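Student: Using only what follows, build the 3D model:
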Amino acid sequence: MLDIRSIPDGVKWKLATQCAARLPAMYELSFSPVVGEKYDKLEQQIWVKLSKFAFDIARSLQLPVNNAQNLADSMRIVMQILFGPDYKGEVMDVGEDGAVIIVKHCPFVSEATAIGASPDRAFKRCLAFNLSTQKELNKNYRSRYVRALCMGDRQCEIKVDRDPEYVKEQDQKKQA
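Tutor: You can find the predicted model right below:
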């Protein structure tokens, strides 16, 4: 008789995350026609709440978030933990205190496509999650999307750098 322990952990992780990555598109296909225009706003709140869990993961693993490079690396690690082995990303240093998270493969895009949902709807989810997670991890930074897989680009590029408001505050403190 087949036992769950006989299935390699990598296969179980891949299948579980494929299922989890399909759920948002399945919920959208089922509930959006019924809920209407409120659906996007409600769904985004779920992803914002998930960012609190992402923060808890980063804190429990003691991931560093003290500069743009560390913050971007920590976000990439948390996203891979949450979104599984099909999430493929890397981080590039940019400038003095900047970094770019490059996502080459996103399970939310591939799984939405697999069930016939529009992958561009994943952008609102991702935007809500990533911007909220970044602020949870370090409010003195900001993140901006330069490119997005789900919008037809060949990869996602999320730029992380110091928030200009934080820089302005620091300059005012120095002058005082």
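Student: The longest helix seen in the chain - what's its average pLDDT?
Tutor: The helix that spans the most residues within the chain, counting by DSSP state H, is helix 9-35. In this model, helix 9-35 carries a mean pLDDT of 93.
Student: any idea which helix or strand carries A117?
Tutor: Here A117 is covered by no helix or strand, with elements defined by DSSP states H and E.
Student: Would you list the phi and psi of the residue nearest to Y166 when sequence neighbours are not counted?
Tutor: With sequence-adjacent residues excluded and distances taken as CB to CB, 6 or more residues apart in numbering, Y166 is closest to N140, at 4.2 Å. Yep, even glycine has a C-beta here, placed from its N, CA and C like the rest. Main-chain dihedrals, N140, degrees, to the nearest 10: phi -80, psi 0.
Student: Could you report the neighbour count for N140?
Tutor: Neighbours of N140 under the rule other CB atoms under 10 Å: 16.
Student: tell me the contacts of it?
Tutor: When contacts are counted by CB atoms under 8 Å, 6 or more residues apart in numbering, N140 touches R162, D163, Y166.
Student: which of those residues tops the neighbour count?
Tutor: Counting neighbours by other CB under 10 Å, the top entry in those is R162, with 18 neighbours.
Student: so what's that one up against?
Tutor: A68, D97, G98, N140, Y141, R142.
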